[in-house]
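>>> Got a sequence here, can you build the structure:
(2 chains)
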Amino acid sequence: MVARRFKLELTKLYPAYIVSLSRSHTVTVREQNKLFKILKLSLLHQQVLTDLFGVRSGVNYHLRSLIYEKSYLVRTKPPYTSAVGLWPSANWLERECWEMFGYYFNYHPDLRRLLTDYGFRGQPLQKNFPLVGYTQVYYSERSKRVSNQPVKLAQEFRLFNFQSPWQN
Amino acid sequence: MAKLKSFTMNFGPQHPAAHGVLRLILELDGEVVVRADPHIGLLHRGTEKLLEHKTYLQGLPYFDRLDYVSMMAYEHVYSLAVEQTFKLRVSRQDSLTRTLFLEITRLLNHLMAVTTHALDVGALTPFLWAFEEREKLMEFYERVSGARMHATYIQPGGVTNPVDHQLLTDITKFVDQFGDRLDEIEEMLTSNRIWRQRLVDVGVVTAQQAQDLSFSGPMLRGSSIGWDLRLVLNYETYSECEFSVPIGLNGDCYDRYLVRVEEMRQSLLIINQVLPRLTLTSVKKVDQQMEQVINNFKKFAGGHHPLSNRRPTYTAVEAPKGELGVYLEPELLQPTRVRIRAPGFIHLSALDYMASDHMIADVVTIIGTQDIVFGEIDR
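Numbers count the residues shown, from 1 in each chain, chains lettered A, B, ... in the order given. Next up, the predicted model:
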């Protein structure tokens, strides 16, 4: 019952923008410039931004209604507008998105790197970024400081993924 | 000479009150904090990236190492995500065992949270007592999985080993005495003048602010919002247990401390309700064990299984620190994207907000009340 009311509410919220509303409560935003409007509406309906994260195809907003006890995903594509003005918690989440995927958020107050090393280059969560990275850090005894060098591994990365011998 | 208005101070990353590797740039006006800018990522291991290069089962041990204070809560959420993707079902006994160990994990976490907080504020003794209790709890971990901390006990499809009667008896013994240990800790802190002076009205977050800042767990409940995913999502066997969700009234550090202590008592209640059920279900132990071994062998030694659900899933549980979520985009052999929603990350991002206009000493209190563990924040 609660779930059905929530669904109704959701369709009222996003009359024109919903592409699909599946059982897993995923909202795909069709018109990108309407994203901010949608998020603002969500805020007015007392929805909490649980999470904001990048995937390969774009940015996902995970919103939750504490009243209906339901959560749903809003999927979007660029350009992105910062949601910091709506939820202060979006600040770091957008920063992480920016550094990991390189998705730029317009009007973000402080878009800096967050988790990677100072001076790190590249977007580590993009698929073309190698798992071991490009540089390795070590302390150079000769120059008495920490320095970066191109990564050198004694052994290649191996994926242990055995096909089943029992399959026919 | 121009008068110095504000100056910048570096706090951490080696400071013991930073709970790990938090580097904090504090902008100060005298002793008052104007701005706090946490620099994180010193423990960043790229777990989300690594998981894209591991099979579903190989990914599990990484989750232990995210929040190394509440290990099984993390294993559990990943296991749930994989189970949802592969449509695996968990037996009732395993589900009860999970509930039992999740609550033990909550005790582990809150003991650490409350007493290291007390340590930062100046009370050493409860910390020593709590570590004694934690050692006993980690012994339960060890007896069931062979590892004190990174247990890899909860796995997709169930748990690795069934619990035996002796262990259940010992857990009962532990639970019987643990309430008294909590009383001792509370005697030292709850009405302690120093403790109250340092915590009451420090780091106040109203209910609305807590929602805007996406708080969850004790941080949200401390601000008088009764929100607990154990009740909302009804995973495992929580729906069979009766327990209450404590909330704070003022949203300050003291209330969050009280909430954590009360949550420990509620955990004891849940454990007390789970234990008899577990004893009843595990009567025919030996037969089930053989059956389980065969099942396990078929499931895991047989390589990968066809995915039954290609859609990305989001799974959330109430970890001791707050809402812990895993977003999993599955592919045949490995996930293509795993997103870990760590509660600590979001709480720490509110540090600037919570610490502004407080004294330097209060920053330590606020870091303590946020229950920060860097394994999960840096991921």
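>>> contacts, neighbours, all on C-alpha from now
Will do.
>>> residues contacting the closest residue to chain A within the stretch 151-300 of chain B?
Among the residues of the stretch 151-300 of chain B, B:Leu213 lies closest to chain A, at 4.7 Å counting by C-alpha to the nearest C-alpha. Residues near B:Leu213 by C-alpha atoms under 8 Å, 6 or more residues apart in numbering or on different chains: A:87-89, B:346-347, B:350.
>>> Over to A:Trp98?
For A:Trp98, the contacting residues are A:104-105, A:111, A:113, by C-alpha under 8 Å, 6+ apart.
>>> what about B:Ser79, distance to B:Gly322?
Distance, B:Ser79 to B:Gly322, using C-alpha to C-alpha, to the nearest Å: 18 Å.
>>> my hunch is that B:Glu323 is in a strand, does that hold up?
Yes - remark: B:Glu323 belongs to a strand, assigned using DSSP: H, G, I helix; E, B strand; the rest coil.
>>> which is the next helix or strand following the helix or strand harbouring B:Phe345?
Taking DSSP states H and E as the criterion, B:Phe345 maps to helix B:343-349. Note on helix B:343-349: by DSSP H and E, the next helix or strand toward the C-terminus is helix B:351-355.
>>> what pLDDT, on average, does whatever helix or strand comes next after that following helix get?
The helix or strand immediately downstream of helix B:351-355 is helix B:360-369, counting by DSSP H and E. On average, the pLDDT along helix B:360-369 is 90.
>>> wait, isn't B:Leu324 in contact with B:Tyr314?
No - with contacts counted by C-alpha atoms under 8 Å, B:Leu324 stays clear of B:Tyr314, the gap being 10.3 Å.
>>> what's the closest residue to chain A within chain B in contact with, if anything?
Nearest to chain A in chain B, going by C-alpha to the nearest C-alpha, is B:Gly41, at a distance of 3.9 Å. By C-alpha under 8 Å, 6+ apart, the contact set of B:Gly41 is A:114-117, B:377-378.
>>> change it to 6 Å
Counting by C-alpha atoms under 6 Å, 6 or more residues apart in numbering or on different chains, B:Gly41 makes contact with A:115-116, B:378.
>>> PyMOL command to pick out the buried ones of those?
A single PyMOL command is used to select the members of these judged buried by 16 or more other C-alpha atoms under 10 Å in any protein chain shown:
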select buried, (chain A and resi 115+116) or (chain B and resi 378)
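>>> So which of the contacts of B:Gly41 belong to helices?
Counting by DSSP state H, those place B:Asp378 in helices.
>>> Go through the contacts of B:Gly41 and name the one nearest B:Asp37.
A:Leu115 (13.4 Å; C-alpha to C-alpha).
>>> if we can go back for a sec, neighbour-wise, which of the contacts of B:Leu213 leads?
For the contacts of B:Leu213, the largest number of neighbours (other C-alpha atoms under 10 Å in any protein chain shown) sits with A:Ser89, at 28 neighbours.
>>> how near is that one to A:Arg95?
Separation of A:Ser89 from A:Arg95 (C-alpha to C-alpha) stands at 11 Å.
>>> Check B:Leu168 too.
Distance from B:Leu168 to A:Arg95, counting by C-alpha to C-alpha: 46 Å.
>>> Comparing the two, which residue is more hemmed in?
Set side by side, B:Leu168 and A:Arg95 show more neighbours around A:Arg95, with 24 against 17, by other C-alpha under 10 Å.
>>> Contacts only, for the more buried one.
Contacts of A:Arg95 by C-alpha under 6 Å, 6+ apart are A:Leu111.
>>> Now do the contacts for the most centrally placed residue in chain B.
Chain B has B:Pro320 as the residue nearest its centroid, 3.4 Å off, counting by C-alpha atoms, centre = their mean. Applying C-alpha under 6 Å, 6+ apart to B:Pro320 gives the contacts B:Arg106.
>>> If we use 8 Å, what do you get?
B:70, B:73, B:105-106, B:109-110, B:217-218.
>>> Next: B:Gly59.
The contact partners of B:Gly59, taken as C-alpha under 8 Å, 6+ apart, are B:Leu51.
>>> The one residue in chain A that gets nearest to chain B: what's its closest spatial neighbour, skipping adjacent residues?
Distance from chain B to each residue of chain A (C-alpha to the nearest C-alpha) is smallest for A:Leu115, at 3.9 Å. Using C-alpha to C-alpha, 6 or more residues apart in numbering or on different chains and skipping the chain neighbours, the partner closest in space to A:Leu115 is B:Gly41 (3.9 Å).
>>> what pLDDT does the one you found get?
85.
>>> can you confirm it is in a strand?
No - with three-state DSSP as the criterion, B:Gly41 is coil rather than part of a strand.
>>> if we can go back for a sec, and the residue of the stretch 151-300 of chain B closest to chain A, how close does it get to B:Gly226?
Separation of B:Leu213 from B:Gly226 (C-alpha to C-alpha) stands at 16 Å.
>>> what's the answer for B:Tyr141, then?
Distance, B:Tyr141 to B:Gly226, by C-alpha to C-alpha: 30 Å.
>>> try B:Ser267
The value you get for B:Ser267 to B:Gly226, if C-alpha to C-alpha is used, is 16 Å.
>>> These two: which has the busier surroundings?
Between B:Ser267 and B:Gly226, B:Ser267 has the larger neighbour count (other C-alpha under 10 Å), namely 22 against 16.
>>> residue contacts, the residue lying closest to the more buried one once chain neighbours are set aside?
The shortest distance from B:Ser267 to any non-neighbouring residue, by C-alpha to C-alpha, 6+ apart, is to B:Glu103 (5.5 Å). With contact set as C-alpha under 8 Å, 6+ apart, B:Glu103 has these partners: B:267-268, B:270-271.
>>> can you tell me which of those residues are in helices?
Assigned to helices by DSSP H, the following of these qualify: B:267-268, B:270-271.
>>> For B:Asp378, report the pLDDT, please.
Looking at B:Asp378, its pLDDT reads 88.
>>> Thought B:Ile40 was touching it, still the case?
Yes - with contact defined as C-alpha under 8 Å, B:Asp378 reaches B:Ile40; the gap is 6.7 Å.
>>> shared neighbours of the two, anything?
A:Leu115.
>>> Can you list the low-confidence ranges for chain B?
For chain B, residues meeting the criterion pLDDT under 70 lie at B:1-4, B:280-289, B:292, B:295-309.
>>> Assumed B:Leu220 was part of a helix.
Yes - applying three-state DSSP, one finds B:Leu220 inside a helix.
>>> what's the neighbour count on it?
By the criterion of other C-alpha under 10 Å, B:Leu220 has 28 neighbours.
>>> Next: B:Val326.
Neighbourhood size, B:Val326 [other C-alpha under 10 Å]: 22.
>>> just checking, it touches B:Arg341?
Yes - B:Val326 is within contact range of B:Arg341, at 6.1 Å (criterion: C-alpha under 8 Å).
>>> how near is the residue nearest to A:Leu115 to B:Asp378?
5 Å.
>>> give me the element the residue located most distally from the centre of chain A is part of.
Relative to the centre of chain A, the most outlying C-alpha is that of A:Arg142, 41.0 Å out, by C-alpha atoms, centre = their mean. Following DSSP H and E, there is no helix or strand that holds A:Arg142.
>>> Would you mind confirming that B:Ala356 makes contact with B:Glu31?
Heads up, residue B:356 is Ser, not Ala. No - look at B:Ser356 against B:Glu31 with C-alpha under 8 Å: they stay out of range, at 11.3 Å.
>>> Neighbour count for these two, which is higher?
More crowded of B:Ser356 and B:Glu31, by other C-alpha under 10 Å: B:Ser356, with 20 against 14.
>>> quick one: contacts for the more buried one?
Residues near B:Ser356 by C-alpha under 8 Å, 6+ apart: B:32-36.
>>> Tell me the secondary structure of B:Phe101, please.
Put simply, B:Phe101 is helix when judged by three-state DSSP.
>>> my read: it touches B:Tyr74, true?
No - if you go by C-alpha under 8 Å, B:Phe101 and B:Tyr74 don't touch, sitting 11.9 Å apart.
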